[in-house]
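A.B. asks: sequence and predicted structure, then a few things I'm wondering about:
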Amino acid sequence: IVVQTDVVSEGSQAALIPADCTLSNRFESEAATNVWIELDTLPSLYDGTNPPAVDPNVALMFYVNSNGTFMVHDGPASPSAEASTNWLDTGVSIETNPVGWVTIGIYEDFGSQTWELYADGAPVASNLAFISPAVTNFTRLDVYNGASTAYVDRVSVVASNRPTGAGAIGLSTGALDYAA
């Protein structure tokens with residue numbers, strides 16, 4: 001992972017994530033029931049024949065396929081992590097020629113063990129079950145890149161006990177104003 005200045009969404013620096021690498025941040029365990037994540041990404045498109053293997057120890061996973069469509073995982077991997085049939089095609093796509101920056105919003109509800117995904121403020125998928133029911137609080141954010149070079153910029157994480165549907169949570173960008 002490299003902090004570089006050539007490709008940015010905003011400001012003067014962004015993280016470059018090479019293929020098969022993970023940008024990872026650990027957080028102190030919070031008792032908050034809701035976590036709101038927002039980040040800008042210049043994603044790489046996954047063009048594998050089969051969906052990626054599911055990490056059974058995380059709350060959620062998603063990727064953007066070679067057509068630019070968001071693919072999300074709903075619930076535990078079944079029948080196995082390597083061949084899970086719980087990957088869902090959201091039908092929501094990004095521009096692929098060329099691929100541009102996308103603001104990703106993620107809402108995690110640890111009370112109900114569900115999550116929601118947003119792209120540029122618009123809903124992509126909602127009421128998705130956590131992959132692991134053992135995940136009970138927010139302790140890390142991992143951004144794995146399984147294809148060519150990707151970039152991440154403007155990462156914000158807010159842990160809150162604010163109920164769902166509470167509206168804006170006051171991030172500096174003001175963009176995380178989703179009706180989650």
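C.D. replies: Arrived safely. Numbering: from 1, shown residues only.

A.B. asks: quick one, what contacts the nearest residue to Tyr144 once chain neighbours are set aside?
C.D. replies: Closest residue to Tyr144 in three dimensions, ignoring its sequence neighbours and counting by CB to CB, 6 or more residues apart in numbering: Thr22, at 4.6 Å. Using the backbone N, CA and C atoms, a C-beta is placed for each residue, glycine as well. Counting by CB atoms under 8 Å, 6 or more residues apart in numbering, Thr22 makes contact with 142-145.

A.B. asks: please tell me how far Thr22 sits from Gly121.
C.D. replies: The gap separating Thr22 from Gly121 is 26 Å, by CB to CB, to the nearest Å.

A.B. asks: then Asp47?
C.D. replies: With CB to CB as the criterion, Asp47 and Gly121 are 27 Å apart.

A.B. asks: repeat that for Gly48.
C.D. replies: Gly48 is 29 Å from Gly121, by CB to CB.

A.B. asks: do the same with Trp101
C.D. replies: Counting by CB to CB, the gap from Trp101 to Gly121 is 13 Å.

A.B. asks: quick one: which of these two has more around it?
C.D. replies: Trp101 (18 against 12; other CB atoms under 10 Å).

A.B. asks: look up the closest residue to that one, ignoring the ones flanking it.
C.D. replies: Ser9 (4.7 Å).

A.B. asks: so the one you found touches Pro43, yeah?
C.D. replies: No - the pair Ser9 / Pro43 is not scored as a contact, 11.8 Å apart, by CB atoms under 8 Å.

A.B. asks: more neighbours: which of these two?
C.D. replies: Counted by other CB under 10 Å, Ser9 and Pro43 do not tie: Pro43 has more neighbours, with 24 against 17.
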